[in-house]
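Asks: fold the following for me, if possible:
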Amino acid sequence: MLVNSQARVSKERAIRRRKLKKLWARLKELKAQGPSYQMLLMKLGAAKAEAGRVWSLVELTLPKSPRSKKARQQRVAGFEFALKKDKLREVLKREGRYVLRTNLKESNPAKVWEFYLQLVEVEEAFKNLKGDLAIRPIFHQRQRRIEAHVFVCFLAYCVHVTLRHQLRAKAPGLTVRQVLEKFARMQLMDVHFPTTDGRELVFARYTEPEKDQQLLLAQMNWELPAQSPPKITAKGELQSGYRPLPSRIFITILSRC
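Replies: Predicted structure coming up:
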């Protein structure tokens with residue numbers, strides 16, 4: 001089945017332009033630097049690894065290889081590069097076009113494309129679990145602990161998806177990772193005040209949001225939870241109880257949306 005996706009065309013074209021622009025700037029730097037022949041080959045190899053498929057769109061003209069080892073360590077000239085316009089036209093015609101092969105007996109091509117997009121979403125979910133959420137395997141010995149671990153991971157992913165959906169509507173220029181990094185600067189701390197009878201007043205307080213955090217809160221229509229009331233310790237012992245975590249602030253914000 002031949003698939004033409006205009007959204008995919010725009011995405012691939014943007015990626016190619018960004019990589020080609022970066023590669024072109026890097027080649028200009030190397031030409032201006034005029035490194036030795038050996039160093040030039042090493043830097044071109046690094047640029048090729050970073051450019052990926054875009055590397056095939058550029059034609060290089062390298063200087064002749066010096067015969068002696070001493071000559072390879074001297075500055076060389078004659079390094080040129082040009083854009084392969086024919087290859088670029090061929091790439092433009094293929095962007096956003098795919099041939100999907102499947103064993104599904106489905107007569108409607110739109111259904112096959114929908115299943116393919118679901119596969120992409122599943123792969124993205126695993127990427128987010130390992131990347132932004134940094135979930136790692138923990139080897140449990142009991143069934144209830146395994147189920148609890150899976151539930152916590154699923155709950156974290158639900159919060160991640162909810163935040164991504166809200167950002168698309170209210171702050172499309174931000175990603176989930178950027179928001180998490182911004183709010184990670186907020187800290188939750190316990191402030192202890194001793195009393196005359198040997199006890200302590202404990203205030204659990206989070207830091208005031210910075211300017212960019214306040215702008216994000218206003219853009220997303222979020223409100224920080226109220227500061228928790230103070231606690232007083234028993235005489236000679238610290239009062240036992242649940243201590244709130246910094247992530248609790250963030251989850252509370254999402255629950256109010």
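
Asks: look up how far Thr162 lies from Leu88.
Replies: Per Cβ to Cβ, to the nearest Å, Leu88 is found 41 Å from Thr162. Just so you know, the C-beta spots here come from the backbone N, C-alpha and C atoms, and that holds for glycine as well.

Asks: could you pull up the residues touching the residue nearest the centre of the chain?
Replies: Geometric centre of the chain, nearest residue: Arg177, 5.7 Å, by Cα atoms, centre = their mean. Residues near Arg177 by Cβ atoms under 8 Å, 6 or more residues apart in numbering: Gly131, Asp132.

Asks: so what pLDDT did it get?
Replies: On pLDDT, Arg177 comes in at 83.

Asks: buried residues in stretch 39-48?
Replies: Under the neighbour-count criterion of 16 or more other Cβ atoms under 10 Å, stretch 39-48 has Met39, Leu40, Lys43, Leu44, Ala47 buried.

Asks: just the CA coordinates for it, please, in CSV.
Replies: What follows is stretch 39-48, C-alpha atoms only, in CSV (Å, rounded to 0.1, in the frame of the first residue of the first chain):
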residue,chain,number,x,y,z
MET,A,39,42.8,16.0,11.2
LEU,A,40,40.5,16.9,8.2
LEU,A,41,39.6,13.3,7.7
MET,A,42,38.9,12.8,11.4
LYS,A,43,36.6,15.9,11.6
LEU,A,44,34.8,14.9,8.4
GLY,A,45,34.1,11.5,9.8
ALA,A,46,32.6,13.0,12.9
ALA,A,47,30.5,15.4,10.7
LYS,A,48,29.3,12.4,8.7
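
Asks: hmm, back to that, what's the farthest-apart pair in the buried residues of stretch 39-48?
Replies: The most widely separated members of the buried residues of stretch 39-48 are Met39 and Ala47, with 12.5 Å between them, by Cβ to Cβ.

Asks: returning to what we had before: name the nearest of the buried residues of stretch 39-48 relative to Leu155.
Replies: Nearest to Leu155, judged by Cβ to Cβ, of the buried residues of stretch 39-48 is Ala47 at 43.0 Å.

Asks: measure the residue lying closest to that closest one once chain neighbours are set aside to His165 for me?
Replies: Counting by Cβ to Cβ, 6 or more residues apart in numbering, Arg26 is the residue found nearest to Ala47 once chain neighbours are left out, at 5.0 Å. Separation of Arg26 from His165 (Cβ to Cβ): 37 Å.
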